[in-house]
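Visitor: Predicted model, plus sequence, below.
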Amino acid sequence: MHKKNIALSFIAALILATSMVSVSAAVRIITLTVRGMTCGGCATRVEEALKSTNGVQEVRVSYERGRAVIKYDDQKVTAEKLREVIQSTGFFCEVKQ
Ligand SMILES: [Cu+2]
């Protein structure tokens, strides 16, 4: 009886730990280098394309700094996919990690 309780609480702790890991692994923030943007319009174009991508939660694009900061759910979208979305807007992007 006592052993069973220990086993049950161990399983419960394991499930809790596993779900906590998957929650913390789901949301990531990445900074991508974007080359070729010359004005705020370019930045908006990149931003809109990223925002309409499934899994993207927040986007900040700076044409002066030539970069995009993206908060995304890594269970729904990958860094490689984000790079492709930026490339599709006509700018050059590379993933550095
Ligand atoms: Cu522009």
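Guide: Sure thing, it's come through. Numbering: from 1, shown residues only.
Visitor: Can you find the helix or strand in this structure with the smallest mean pLDDT?
Guide: helix 2-26 (a mean of 64; mean pLDDT, DSSP states H and E).
Visitor: so how far is the helix or strand just after it from its chain's centroid?
Guide: Next along the chain after helix 2-26, taking DSSP states H and E as the criterion, comes strand 27-35. Strand 27-35 sits 8 Å away from the centroid of its parent chain (CA atoms, centre = their mean, to the nearest Å).
Visitor: which secondary structure elements does strand 27-35 contact?
Guide: Counting contacts by 3 or more CB pairs under 8 Å, 6 or more residues apart in numbering; DSSP states H and E, strand 27-35 packs against strand 67-73, helix 79-88, strand 92-94. Placement of C-beta: from N, CA and C, glycine included.
Visitor: What parts of this structure come near the ion?
Guide: Near the ion, the residues belonging to the chain are 38-39, 41-42 when assessed by CB under 5 Å from the ion.
Visitor: Tabulate the helices and strands packed on strand 27-35 (CSV), appending distance to residue 34, mean neighbour count and mean pLDDT.
Guide: Formatted as CSV, the helices and strands packed on strand 27-35 follow (distance: least, CB to CB, whole Å; neighbours: other CB atoms under 10 Å; pLDDT from 0 to 100):
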stretch, distance to residue 34, mean neighbour count, mean pLDDT
strand 67-73, 5, 19, 97
helix 79-88, 6, 16, 97
strand 92-94, 5, 15, 89
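Visitor: That'll do, ta.
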